[in-house]
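> let me see the structure of the following:
(one chain, ligands or ions: 1)
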Amino acid sequence: MLNDERWLNKRLDKMKEAGLTRHLRKINNQSVFSSNDYLGLAKDTRLISAAKRTLDDWGVGSSGSRLTTGNCEWHEKLERRIAEFKQTEAALLFSSGYLANIGVLSSLPEKGDVLISDQLNHASIIDGCRLSKADTVIYKHVDLDNLEEKLKETASYKRRFIVTDGVFSMDGHIAPLDKIMALAKSYHACVIVGDAHGTGVLGENGRGTSEYFGVMPDVVIGTLSKAIGSEGGFVAGSKTLIDFLVNHARTFIFQTAIPPANCAASYTALGIIEQSKEKRQQLRSHVLQIKKELKEMGFSVKGADTPIIPVIVGNTQKTAIFAEKLQEKGIFAPAIRPPTVAIGESRIRLTVTTEHCTNEINYLLETFNLVGKELNMIK
Ligand SMILES: *Cc1c(COP(=O)(O)O)cnc(C)c1O
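This next block holds a predicted model:
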């Protein structure tokens, strides 16, 4: 098949013409404003030593799926800790947040059920809906009136599942979970929340979007690879839900368990996160400062007050040029283009972490001012 690759090159050329090809970049000593390691835990010495100790005791890989030879005390210890952290009865580990989303969405809703999904949900939720035997209906991004319409339209389905990201990865919006839960209650629907970016960041104790709104969705899905600083995914919910997933979620059953060392690092991280109120306040003040100053310069800045700060450029090529100019000046912040976002909504997506110092933030703002003027985006 691949001895004649002209067809592949043609497809790549089409993307090139539209300015949409993706490239791998090596991060060296630039100033990075694109990390999901919001609390700087990925390089925290406490996580590193926890992982090292566990590496010495348990080795590098887990050697099998959880249901065969891969299950060790660290997996179960971390699951109990995640349940405690998320304040649910139980939790289940997956190899990534992506696979956790797919595992839940492809197994829980059945034929005759319907998934009611926010328009801007993450790719892993979209893929999970595609794999589900249930139908999928899309509602307008965080639009509660439209969600209610969809709930009314789907009255004939057996079961209804509203599925939403907690914090939207490309827009930085927070899903209004309190109101979504209220709608779900009056229309007898379940709520599934993908809280990859909320966990560790939102709520008094960093428990995520549910804590931020003081609600408890039916299913909470998360990742260990963002604020938790390690690698892997999880689902938190009732004991019955977790038992069900152990028996039905194919991305759980047929996947090698995550390494015990990852579990140990994540376990340590959860304790730190609960104690990191000040760090979260510091993060929030970074976010508020950057957004305020960018807006004052005249940039169009989207999102709620989360560490995800999208600066809208609009035109795809111009966005790519903006990102290149930032890079030339030593700042890494990616251009986000279609199909990740809608046509005409290309953007530079900044993320802030507690590791950014005042000098770095000031340099970022100066550079945005400079490049924005160069590209006639601001005066
Ligand atoms: C990163 C992300 C995921 C996937 O998590 P991984 O652990 O990286 O696979 C799922 N949903 C959202 C919204 C994300 O941003």
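> all contacts plus neighbour counts: C-alpha atoms, from now on.
OK.
> so what's residue 73 up against?
Under the criterion of CA atoms under 8 Å, 6 or more residues apart in numbering, residue 73 has no contact partners.
> over to the residue sitting nearest the centre point of the chain. Which of the three states is it?
Nearest residue to the geometric centre of the chain (CA atoms, centre = their mean): residue 196, 3.5 Å. Following DSSP: H, G, I helix; E, B strand; the rest coil, the label given to residue 196 is coil.
> pLDDT score for it?
pLDDT for residue 196: 98.
> how about it: what's its closest non-neighbour residue?
Among residues not flanking residue 196 along the chain, residue 222 sits closest, at 4.8 Å (CA to CA, 6 or more residues apart in numbering).
> wouldn't that neighbour be in contact with residue 233 here?
Yes - the criterion here is CA atoms under 8 Å, and residue 222 meets it with residue 233 at 5.7 Å.
> so residue 199 makes contact with residue 206?
Yes - here residue 199 reaches residue 206: they are 6.1 Å apart, a contact under CA under 8 Å.
> so for these two, which sits in the more crowded spot?
residue 199 (29 against 25; other CA atoms under 10 Å).
> which residues touch the more buried one?
Here residue 199 is in contact with 206, 207, 208, 209, 222, 227, 228 (CA under 8 Å, 6+ apart).
> inside strands: which ones of those residues?
Of the contacts of residue 199, the ones assigned to strands by DSSP state E are residue 222.
> including distance to residue 49 and pLDDT, could the contacts of residue 199 go into TSV?
Formatted as TSV, the contacts of residue 199 follow (distance: CA to CA, whole Å; pLDDT from 0 to 100):
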residue	distance to residue 49	pLDDT
206	23	98
207	24	98
208	26	98
209	29	98
222	24	98
227	18	98
228	15	98
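> and the furthest pair within the contacts of residue 199?
Pairwise distances across the contacts of residue 199 peak at 14.9 Å for 209 and 228 (criterion: CA to CA).
> mind listing the helices for the stretch 1-150 of the chain?
6-17, 45-58, 73-86, 97-107, 123-131, 144-153 (DSSP state H, counting those that start in this stretch).
> over to residue 344. Which of the three states is it?
Secondary structure, three-state DSSP: residue 344 is coil.
> now the one 5 residues further on
In terms of secondary structure, residue 349 is strand; the call rests on three-state DSSP.
> and the strands in the stretch 101-250 of the chain?
In the stretch 101-250 of the chain, strands defined by DSSP state E, counting those that start in this stretch lie at 114-118, 135-139, 160-165, 190-194, 219-223, 233-237, listed in chain order.
> turn those strands into a markdown table, including mean neighbour count and distance to the ligand.
Shown next, in a markdown table, are the strands of the stretch 101-250 of the chain (neighbours: other CA atoms under 10 Å; distance: least, CA to the nearest ligand atom, whole Å):
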| stretch | mean neighbour count | distance to the ligand |
| --- | --- | --- |
| strand 114-118 | 25 | 12 |
| strand 135-139 | 18 | 16 |
| strand 160-165 | 25 | 6 |
| strand 190-194 | 24 | 6 |
| strand 219-223 | 26 | 4 |
| strand 233-237 | 25 | 5 |
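> nearest to residue 285, of those strands?
When the strands of the stretch 101-250 of the chain are compared by CA to CA, strand 160-165 sits nearest residue 285, at 23.6 Å.
> partner strands of that closest one and their direction?
strand 114-118 (parallel), strand 190-194 (parallel) (DSSP bridges).
> and it with strand 135-139, angle?
With axes from the mean of the first three to the mean of the last three CA atoms, to 10 degrees as the basis, strand 160-165 and strand 135-139 are set at 50 degrees to each other.
> buried residues in stretch 173-182, which are they?
By 16 or more other CA atoms under 10 Å, the buried positions in stretch 173-182 come out as 173, 174, 175, 176, 177, 178, 180, 181.
> can I assume residue 201 is in contact with residue 280?
Yes - counting by CA under 8 Å, residue 201 touches residue 280, with 6.4 Å between them.
> ok, back up a step: the strands paired with strand 160-165 into TSV, with extra columns for distance to residue 59?
Conversion of those to TSV gives the following (distance: least, CA to CA, whole Å):
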stretch	distance to residue 59
strand 114-118	40
strand 190-194	31
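> and of the ones you listed, who's closest to residue 100?
The nearest among the strands paired with strand 160-165, by CA to CA, is strand 190-194 at 9.2 Å.
> sorry, back to before: could you dump the contacts of residue 199 into TSV with distance to residue 215 added?
Putting the contacts of residue 199 into TSV (distance: CA to CA, whole Å) gives the following:
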residue	distance to residue 215
206	14
207	11
208	10
209	9
222	16
227	21
228	22
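> and the stretch 151-300 of the chain, which of its residues are near the ligand?
Counting by CA under 6 Å from any ligand atom, the residues of the stretch 151-300 of the chain close to the ligand are 165, 168, 169, 194, 196, 197, 223, 225, 232, 233.
> so where's the longest helix in the chain?
In the chain, taking DSSP state H as the definition, the longest helix is helix 277-297.
> send the alpha carbons of that helix over as PDB?
Extracted in PDB, the C-alpha atoms of helix 277-297 (Å, rounded to 0.1, in the frame of the first residue of the first chain):
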ATOM      1  CA  LYS A 277      -4.700  26.700  48.400                       C
ATOM      2  CA  GLU A 278      -2.100  29.500  48.200                       C
ATOM      3  CA  LYS A 279      -0.700  28.100  45.000                       C
ATOM      4  CA  ARG A 280      -4.100  28.200  43.400                       C
ATOM      5  CA  GLN A 281      -4.600  31.800  44.500                       C
ATOM      6  CA  GLN A 282      -1.200  32.700  43.000                       C
ATOM      7  CA  LEU A 283      -2.200  30.900  39.800                       C
ATOM      8  CA  ARG A 284      -5.500  32.900  39.700                       C
ATOM      9  CA  SER A 285      -3.700  36.200  40.200                       C
ATOM     10  CA  HIS A 286      -1.300  35.400  37.300                       C
ATOM     11  CA  VAL A 287      -4.400  34.600  35.100                       C
ATOM     12  CA  LEU A 288      -6.200  37.800  36.100                       C
ATOM     13  CA  GLN A 289      -3.200  40.000  35.500                       C
ATOM     14  CA  ILE A 290      -2.400  38.500  32.000                       C
ATOM     15  CA  LYS A 291      -6.000  38.700  30.900                       C
ATOM     16  CA  LYS A 292      -6.500  42.200  32.100                       C
ATOM     17  CA  GLU A 293      -3.300  43.500  30.500                       C
ATOM     18  CA  LEU A 294      -3.900  41.700  27.200                       C
ATOM     19  CA  LYS A 295      -7.500  43.200  27.000                       C
ATOM     20  CA  GLU A 296      -6.100  46.700  27.800                       C
ATOM     21  CA  MET A 297      -3.700  46.300  24.900                       C
END
